[in-house]
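J.: Any chance you can model this:
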Amino acid sequence: MATRDFPENEWLTGAPGPDVDVAQMDAAIAEISTNPSEFGTNLALIVVHKGRIVREIYGEGVTAQSTLISWSVAKSITHALVGIAVKDGLLSISDSNLFPHWQDERARITLGNLLNMSSGLAWCEDYVNDSISDVIEMLFGEGDFAGDHAGYASAKELEAAPGSKYMYSSGTTNLVTRILAVALGEKQGSSEVVETFMRQRLFEPIGIHSAIPKFDDTGNFVGSSFVYAIARDFARFGYLYLSDGVWGDNRLLPEGWVQYGRTAIARDPENGLDYGAHWWMSPEDPGSMTAMGYEGQFTWISPDRDLVLVRLGKTDNELVPALRHQLVQIIRAFPAQGSEIGHDSTHG
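T.: Below is the predicted model of the structure:
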């Protein structure tokens, strides 16, 4: 891997290089920031090229110090946390028999199945219709599992053989965070061990100090949806993956873990993107990987361009494809040089 700059207390800033199509980049940024009827409300947009912020804009009432919601970008943060536990020898993607009450075919579900969204568990990921939505009921419902997100998801029955069917599920991620908590020795009802692990092993080593992870009533990290942070810190997280899980002289994620995250197992029929292990991949930017959340949250890593793009905002679902098209225009303004992410897919 080429030597690169890593941000210390603050990001380095600079002008785009002479090989960047600045006019194309700025035109796309202007479209996103000034046309809410077409692209939703933009709250923050940061472009990091070759370790330097080359563009940074904020919406009305938002500053560089404003903490903004991740929504499902948190799923990719969960991928990083699991990777650290794999590196420590606490977890393996081949682990099965994940919950004591899974005494049926669910015992065959592996941690890798969960990370790939292919557990086979029944689920409805609907963000509008609360009469059918499992994700709304899990996060906000008042039923038998109110405040116990992993309990709600783990009670679901199989509708397909483990590993045989892709189905995007926020409940799946909260199963993963419960498995992580158990592996770390977290006490039931507490979040102290997991939060300390998050801060000491992931956030602090890469200079993230703004992050506010949320936990449900049982103490389980809501890795499906809830990490608040400033835009510059989401960019730090993306930069860790751009750098193959290495920060400075320290390898935080195991070798091959980043590649595992971006190894496609299915194409999502709704958005046309490929899915890996809690990461999305865009066919429009080969070799890239994207942490993507509800209402148009993006942390987009483009290794061939040495680029991280963060966009945070409030965009209705029907406008997200147009928003993504504009983000692609920004990304394509930067020349592709050849990927620096390694292709060793070894993992625990």
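
J.: Tell me which helix or strand comes right after the helix or strand harbouring residue 233.
T.: Using DSSP states H and E, residue 233 sits in helix 231-242. As assigned by DSSP H and E, the chain's next helix or strand after helix 231-242 is strand 246-247.

J.: What strands flank that following strand, and is each parallel or antiparallel?
T.: Strands that pair with strand 246-247, judged by DSSP bridges, come out as strand 250-251 (antiparallel).

J.: what helices or strands is the following helix or strand past the strand it pairs with leaning on?
T.: Under the assignment DSSP H and E, the closest C-terminal helix or strand after strand 250-251 is helix 257-261. For helix 257-261, the packing partners by 3 or more Cβ pairs under 8 Å, 6 or more residues apart in numbering; DSSP states H and E come out as helix 73-87. Just so you know, the C-beta spots here come from the backbone N, C-alpha and C atoms, and that holds for glycine as well.

J.: Please compute how far the helix it packs on lies from its chain's middle.
T.: Relative to the centre of its chain, helix 73-87 is centred 9 Å away, using Cα atoms, centre = their mean, to the nearest Å.

J.: How about stretch 189-209?
T.: Remark: stretch 189-209 is offset 16 Å from the chain centroid, using Cα atoms, centre = their mean.

J.: Could you export that stretch as PDB, CA atoms only?
T.: What follows is stretch 189-209, C-alpha atoms only, in PDB (Å, rounded to 0.1, in the frame of the first residue of the first chain):
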ATOM      1  CA  GLY A 189     -28.700  -5.100  30.800                       C
ATOM      2  CA  SER A 190     -25.300  -3.300  30.500                       C
ATOM      3  CA  SER A 191     -23.600  -1.600  27.600                       C
ATOM      4  CA  GLU A 192     -20.400  -0.600  29.300                       C
ATOM      5  CA  VAL A 193     -18.100  -3.300  27.900                       C
ATOM      6  CA  VAL A 194     -19.300  -2.900  24.300                       C
ATOM      7  CA  GLU A 195     -19.200   0.900  24.400                       C
ATOM      8  CA  THR A 196     -15.700   0.800  25.900                       C
ATOM      9  CA  PHE A 197     -14.700  -1.600  23.100                       C
ATOM     10  CA  MET A 198     -16.100   0.600  20.400                       C
ATOM     11  CA  ARG A 199     -14.300   3.700  21.700                       C
ATOM     12  CA  GLN A 200     -11.000   2.100  22.600                       C
ATOM     13  CA  ARG A 201     -10.600  -0.200  19.600                       C
ATOM     14  CA  LEU A 202     -12.300   1.700  16.800                       C
ATOM     15  CA  PHE A 203     -13.300   5.300  17.400                       C
ATOM     16  CA  GLU A 204     -10.300   6.700  19.400                       C
ATOM     17  CA  PRO A 205      -7.600   5.000  17.300                       C
ATOM     18  CA  ILE A 206      -8.800   6.800  14.200                       C
ATOM     19  CA  GLY A 207      -9.500  10.100  15.900                       C
ATOM     20  CA  ILE A 208     -13.300   9.900  16.200                       C
ATOM     21  CA  HIS A 209     -14.400  11.700  19.300                       C
END
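
J.: now that stretch: mean pLDDT?
T.: Stretch 189-209 carries an average pLDDT of 98.

J.: what residues does that stretch touch?
T.: With Cβ atoms under 8 Å, 6 or more residues apart in numbering as the contact definition, stretch 189-209 has outside contacts at 7-9, 77, 80-81, 84, 177, 180-181, 184-187, 211, 213, 215, 218-221, 229, 233, 236-237, 239-240, 247, 250, 252.
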